[in-house]
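> Predicted model and sequence below, questions to follow.
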Amino acid sequence: MPKSTHKLIHLSMLVSVGLILYILETNIPQPLPWARIGLANLAALMALVLWGFWEALAVALGRIVLGSLITGALLSPVFPFALAGGLASLVVMGLSWRFLRPIFSVVGVSILGALAHNIAQLYLAYVLYIQRGQIFYLLPLLLLSTVLSGFFVGAVVALVTGRKALQPWMAGGNP
Amino acid sequence: MTTRGLRGLAMTPGDWALIVGLVLVSLVSIFLMSRLVGRGTTAIVEVDGVTICRLDLSVNRHQTVAGPLGETDVQVQDGRVRVAESPCPHRICVRSGWITRAGDMIVCVPNRVIVRVEGEGEAGQMDATTW
């Protein structure tokens, strides 16, 4: 199969995985009404690790826009929050994956991304809605769930990309 | 199907440092924040929305205020304040017990009495926290 088709299929599937996770996420209550834990970043992280930054960006944007469309939240507060969180986490993950590789493994990168995700969403809530510095008091508790979800996401990506049986299917490979 | 557990994750020392660091920071700040919610300094007693008096919590005393139903006895002791006696039917205000922290309040609806505690720095107070 030509590489571009392989890539297209793979990225599309990642987008759908991200979509499902995102929709699942919206059913979990959280301290900040419109902020989510960032489970769906798994898709973007996988794309980042396997293909590269721009592919990951495509997956992230696709996941966020389509996800908001499907959940009927495209023009609601959820959308900018998801966008801010997803983009911030992607940028941080992309940068740390490129430059901080020996210090952090996939798990660490994912945690950093989850951290950026939450901080970006809190900051957006601060700018757009609440304007009281006190909102950042939510950060410590959010931090704990961030570490947890970042760890989980990173662990999944690490385990999947590390399996020998999957190597032929990795980016560039053509089974 | 083997996964080799956590070692299959190839985590680096940097990862662990990050995790431990973040958990520590969040635990420490949660602890610090719970201490931060102000110590009360004054108790304000209001009847029908009108402030009747402000009681310094460091001075032990009794204060009676008159409401539509009768006299409510407010007591300050050891930096805390409570409603000691009240003419209302259910005595919910009395049963509320002692309040100490800034933002706490005791309300007697029948007698229209509100006892609330003010702390230092009004602007720095959180109105409510929900998780």
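The structure has been received and is ready for your questions.
> Determine the set of other helices and strands touching the helix or strand hosting B:Leu32.
Assigned by DSSP states H and E, B:Leu32 belongs to helix B:13-36. Contacts of helix B:13-36 with other secondary structure elements, assessed using 3 or more Cβ pairs under 8 Å, 6 or more residues apart in numbering or on different chains; DSSP states H and E, are made with helix A:106-125, helix A:139-162. Every C-beta, even on glycine, is put in place using the N, C-alpha and C of the backbone.
> Just the C-alpha atoms of the longest one, please, in CSV.
In other words, helix A:139-162. Output in CSV follows, covering the C-alpha atoms of helix A:139-162 (Å, rounded to 0.1, in the frame of the first residue of the first chain):
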residue,chain,number,x,y,z
LEU,A,139,-4.7,24.1,40.3
PRO,A,140,-3.3,21.8,43.0
LEU,A,141,-6.2,19.5,42.9
LEU,A,142,-6.3,19.6,39.1
LEU,A,143,-2.6,18.8,39.2
LEU,A,144,-3.2,15.4,40.8
SER,A,145,-5.7,14.3,38.3
THR,A,146,-3.5,15.7,35.6
VAL,A,147,-0.6,13.6,36.7
LEU,A,148,-2.8,10.6,36.8
SER,A,149,-4.3,11.0,33.3
GLY,A,150,-1.0,12.1,31.8
PHE,A,151,0.6,9.0,33.2
PHE,A,152,-2.2,6.8,31.9
VAL,A,153,-2.1,8.2,28.4
GLY,A,154,1.6,8.1,28.2
ALA,A,155,1.7,4.5,29.5
VAL,A,156,-0.8,3.4,26.9
VAL,A,157,1.2,5.1,24.1
ALA,A,158,4.4,3.7,25.4
LEU,A,159,3.1,0.1,25.7
VAL,A,160,1.5,0.2,22.2
THR,A,161,4.5,1.7,20.4
GLY,A,162,6.9,-0.6,22.3
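> For it, what is the distance to the chain centroid?
Averaged C-alpha coordinates place helix A:139-162 at 10 Å from its chain's average position (Cα atoms, centre = their mean, to the nearest Å).
> got the buried residues for it?
A:139-143, A:145-147, A:149-159, A:161 (16 or more other Cβ atoms under 10 Å in any protein chain shown).
> Which secondary structure state does B:Cys53 sit in?
The three-state assignment at B:Cys53 reads strand, by DSSP: H, G, I helix; E, B strand; the rest coil.
> Output the set of residues of chain A in proximity to chain B.
A:31, A:100, A:102-108, A:111-112, A:115, A:134, A:137, A:139-141, A:143-144, A:146-147, A:151, A:154-155, A:158-159, A:162 (Cβ under 8 Å from any Cβ of the partner chain).
> Which stretches in chain B count as strands?
If DSSP state E is used as the criterion, the strands of chain B fall at B:40-47, B:50-56, B:61-66, B:71-77, B:80-85, B:105-108, B:113-119.
> Would you convert those into JSON lines that also reports distance to A:Ala73 and mean pLDDT?
As requested, those are exported to JSON lines (distance: least, Cβ to Cβ, whole Å; pLDDT from 0 to 100):
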{"stretch": "strand B:40-47", "distance to A:Ala73": "42", "mean pLDDT": "81"}
{"stretch": "strand B:50-56", "distance to A:Ala73": "46", "mean pLDDT": "84"}
{"stretch": "strand B:61-66", "distance to A:Ala73": "51", "mean pLDDT": "86"}
{"stretch": "strand B:71-77", "distance to A:Ala73": "50", "mean pLDDT": "87"}
{"stretch": "strand B:80-85", "distance to A:Ala73": "47", "mean pLDDT": "86"}
{"stretch": "strand B:105-108", "distance to A:Ala73": "38", "mean pLDDT": "86"}
{"stretch": "strand B:113-119", "distance to A:Ala73": "39", "mean pLDDT": "82"}
